[in-house]
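Q: Here's my sequence, what's the structure:
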Amino acid sequence: MVNQLQELPDSIYLNRLRRFIDIVYALIFFHLVNNYLPLIEDMEWSHKPYGLLSHMIDSKDELLRIFIGAGLTLMYWNQNNGLFKNLIKTNGAHVAMSLIQLFLVCLYVFFAIADPGLVTKSSPALQAGSLALAGFLSVWSWVYASKNNMINASLSEDDINQITRSNFMEPATAVVNIGLAFVGPMVWTLAWFVLPPFFMWILKKRKK
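A: Prediction:
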């Protein structure tokens, strides 16, 4: 009974951290979509052949940015959920790493919204760089948690290593895209679609 009472505060802190992170990711998702949706206030679309559909087609670049931005946000949120579901408690150091990781994702949103048209080469590089740091920090926090008895005891050493390896996909993609940002915006954009399946294929080959 005493042990249960001692563990209760840790589980409460972990649940509060989970909820806080989920709320921030929801706000990030909304902010990205809201900022990239094409403007319709002037009703200019009403004079086009197919109305709003024509307006959406003319704004395909903005819609692509929504797709990428929302997709990357969901990918990092999913990575966070995949790691947090195996945690049983947290501590100050782990919370700090989690919040810094979340700040880096917010920094990605700032860079993305600041230059939605990818006019400069530095902004996509900064976007990829912030996501790379966020991904590696997330893996680091998982390793820290596994070494400090903060994860589910039912996980074997192989399970822990597998989870660690599988979560390198996101930051590895972002690291490659830092360099591709200087090749061109189209290459950089396509890489977000191409690289994750490629890294997943490599991971599966390593398993075999």
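
Q: who are the neighbours of the lengthiest helix in the chain, in terms of helices and strands?
A: Criterion DSSP state H: the longest helix present in the chain is helix 2-36. Packed against helix 2-36 by the contact rule (3 or more C-beta pairs under 8 Å, 6 or more residues apart in numbering; DSSP states H and E) you find helix 60-84, helix 92-114. For every residue, glycine as well, the C-beta is placed using N, CA and C.

Q: Buried residues in that helix, which are they?
A: Neighbour-count burial for helix 2-36, with 16 or more other C-beta atoms under 10 Å as criterion, is recorded at 13-14, 17-18, 21, 24-25, 28-29, 31-32, 36.

Q: quick one on the thing from earlier: mean pLDDT for the helices and strands packed on helix 2-36: which is lowest?
A: Out of the helices and strands packed on helix 2-36, helix 60-84 stands lowest, with a mean of 82 (criterion: mean pLDDT).

Q: what's the spacing between Leu102 and Gln79?
A: Between Leu102 and Gln79 the distance is 12 Å, computed by C-beta to C-beta, to the nearest Å.

Q: Contact partners for the spatially most central residue of the chain?
A: The central residue of the chain, meaning the one whose C-alpha is nearest the mean C-alpha position (C-alpha atoms, centre = their mean), is Tyr76 at 2.4 Å. By C-beta atoms under 8 Å, 6 or more residues apart in numbering, Tyr76 lies in contact with 25, 105, 131, 134-135, 138, 170.

Q: swap the cut-off to 6 Å and go again
A: Applying C-beta atoms under 6 Å, 6 or more residues apart in numbering, one finds that Tyr76 lies in contact with Val105.

Q: now Ser98
A: If a contact means C-beta under 6 Å, 6+ apart, then Ser98 has Ser141 as its contacts.

Q: Against Phe168, how distant is the residue nearest to Thr189 when sequence neighbours are not counted?
A: The shortest distance from Thr189 to any residue that is not its chain neighbour, by C-beta to C-beta, 6 or more residues apart in numbering, is 6.4 Å, and that residue is Ile68. Computed as C-beta to C-beta, the Ile68 to Phe168 distance reads 21 Å.
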